[in-house]
Each structure stands twice: as C-alpha cells, then as structure tokens.
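>>> Predicted structure and sequence below. I'll ask about it afterward.
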Amino acid sequence: MSAVDKVFAGSIPELYERYLVPLIFHSYALDLAGRLGKTNARVLLEIAAGTGVVTRAVTSLLPEIERIVATDLNEPMLAHAKSRLSDRRVEWKQADALALPFSDGSFDAVLCQFGVMFFPDKVRAYKEANRVLKSGGCFLFSVWDRIAENEFADIVTEALAAMFSDDPPQFLPRTPHGHHDIERIRAELAEAGFSDVSVDAVDSRSKAGSARDPAIAYCQGTPLRNEIEARNASGLQEATEHATKAIAKQFGDGPVDGRIRAFVITARKMP
C-alpha cells in the first residue's frame, strides 16, 4: 500500500461523506448494524470509523447499545464524523488499529467497515482487536470484493488508466479492492486467535442521480485524488470529466445504477 493511500485530508472528508457514503457505504452500514443487533453486545469499539456512517447507523437502529468508542487514524475524518452526530453514548478518539489504546477485554464487539484493507499489518491489527475484546466477543468487519465486481470503481480505474497510460493510478484495485482473498483472511484471523469465522457475500446496488456523482466520489472523495494530482497538479477536473464520460457511456446520461459486492466477516474471540 502506498503512503498516500491513507491520506484523507483537505476537502476529501466532505466529498467522501456527500458522494461516497450514499453511493456505496450506507447500505452496508445498515447491514452491519443489523448483524450487530443479533448479538448481545452493549459496549462497542469501532475501528476506521471514517465520517461515521456506521456509528450513525448503530446509534439510530440499536437503542440498547450503551457505549461506542469510534476511532480512526485520520483526524480530519473524525472531526467531520463528530460534526454530524451528537450522542452521549459515543466517544470519538484518534487511534491506530495496530496499537489500540485500550485495556484487554474492554469491549463486547469490535466493528470495522471497509477499513482493514488500509492496515499495513493486518494480523497485528486483528491481534489488537482480539486483545481488546471480552472472551467470546465478536469482531465484525467488511471488505470489498475484487474490483471487477464493483462496476463504478472498475470503470473509473479503467478510464484513468487510459488518461495516464504511462503511470495509471492504482489506488482502487490496490487498497480498497486489494484484500478480498477469503482464505487468506481466514488464515490471518486464525493466526490472530479468532475462531468460529463466518463469511457472507453481500450484493448491493450503487445508485446516483447522474454519472458525474460517482466520478466525483471516486476521483475527488478518496485518496485516488492524491494519485491524480501527483501526476498532474491541475488535472483533477479533467480526470473527473474523463471518468464521468466513461460511466455515462455504459450507464447513460440520467440516473445510474451499478453493481457492488462486499464480504462481511464475523469472528469470535476464543473463550
């Protein structure tokens, strides 16, 4: 993973929340909250909370939750999340998933929606999640399937590859869509001390009012922006237009509707 893959700064948090959250994250946040509601968890740790889409889903759907510590490595993302949700049960805290600042056995459940792909040492992060869980606690997280199963991300990547043919931006296939080998994930979780691992493939639809919305979402609301600007400091708008045209070519000029697929993984800490 490139160092720029973790940089969510400037206007990225706002654009991420405005465009990307409704496009690909909201439906999965509701799904994750629903799965959590089937457990007896009351005290939660959320890792890589981003702009807080899962935090908001959990607080709105699960009144029985007593406390959530929502963490992220990136302070600008946390600041945006905090500005959108005021709930006495939620504590916002900057934290590194590889070195969680919490005591052993502090939480009933650990949640992480589409964050583990960004961890440079996934086994270490899984061990930290295991450490802070109570005995029998639940680790619930999601990862994207390969990019070919996620149409808008795939089209944007191909469009930018044509635009920057000498050095194609690879953020999307490299990081968000780069950790979908389920057997590898199972092995990493076992190494970290987890048992009773289940994996569900969850299909959904990515919908927007126009082709421009997903183009902005990916080109300007993710660290893909950093790769674009590194290749052409003034080329962000051109890249966005190039991606818009590619999406419109396949889905038309009106509302667009593309396929997305993720894996949701549930693992238990051994008693």
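Great, that's in hand.
>>> roughly how far out does stretch 64-80 sit from the chain middle?
Using Cα atoms, centre = their mean, to the nearest Å, the distance from the centre of stretch 64-80 to the centre of the chain it belongs to is 14 Å.
>>> actually stretch 126-134, not the one I typed
19 Å.
>>> ok, and what's touching the host helix or strand of residue 159?
For residue 159, the host element (DSSP states H and E) is helix 151-163. Helix 151-163 has contacts (Cβ atoms under 8 Å, 6 or more residues apart in numbering) with 23-24, 144, 147-148, 168-170, 172-173, 176-177, 206, 214-215, 217-219, 224, 228, 238-239, 242-243, 245-247, 250, 256, 258-260. Where you see a C-beta, it was placed from the backbone N, CA and C, and this is true even at glycine.
>>> Any of the residues you listed buried? List them.
23-24, 144, 147, 169-170, 172-173, 176-177, 206, 214-215, 217-219, 224, 228, 239, 242-243, 246-247, 256, 258, 260 (16 or more other Cβ atoms under 10 Å).
>>> Now, those that are in strands?
144, 206, 256, 258, 260 (DSSP state E).
>>> Around the residue lying closest to residue 48 once chain neighbours are set aside, how many other residues sit close by?
What sits nearest to residue 48 in space, not counting adjacent residues and going by Cβ to Cβ, 6 or more residues apart in numbering, is residue 115, at 2.5 Å. The tally of other residues near residue 115 (other Cβ atoms under 10 Å) stands at 22.
>>> just the CA coordinates of the helix or strand bottoming out on mean pLDDT in the chain, formatted as CSV?
Using mean pLDDT, DSSP states H and E, the weakest-scoring helix or strand in the chain turns out to be helix 12-15, at a mean of 86. Provided in CSV are the C-alpha atoms of helix 12-15 (Å, rounded to 0.1, in the frame of the first residue of the first chain):
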residue,chain,number,x,y,z
ILE,A,12,-11.7,14.7,0.8
PRO,A,13,-13.7,14.1,4.1
GLU,A,14,-16.6,16.4,3.0
LEU,A,15,-16.8,14.9,-0.5
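>>> which ones are touching the residue nearest the centre of the chain?
The centre of the chain sits closest to residue 114, judged by Cα atoms, centre = their mean, with a distance of 2.7 Å. Neighbouring residues of residue 114 by Cβ under 8 Å, 6+ apart: 25, 28, 48, 142, 143, 144, 176, 262.
>>> ok, the fifth one - contacts?
By Cβ under 8 Å, 6+ apart, the contact set of residue 143 is 114, 116, 117, 179, 180, 185, 262, 263, 265.
>>> is it possible to export those to a markdown table including distance to residue 200, secondary structure and pLDDT?
Formatted as a markdown table, the contacts of residue 143 follow (distance: Cβ to Cβ, whole Å; DSSP: H, G, I helix; E, B strand; the rest coil; pLDDT from 0 to 100):
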| residue | distance to residue 200 | secondary structure | pLDDT |
| --- | --- | --- | --- |
| 114 | 15 | coil | 97 |
| 116 | 16 | helix | 97 |
| 117 | 17 | helix | 96 |
| 179 | 16 | coil | 96 |
| 180 | 13 | coil | 96 |
| 185 | 13 | helix | 98 |
| 262 | 9 | strand | 98 |
| 263 | 7 | strand | 98 |
| 265 | 8 | strand | 98 |
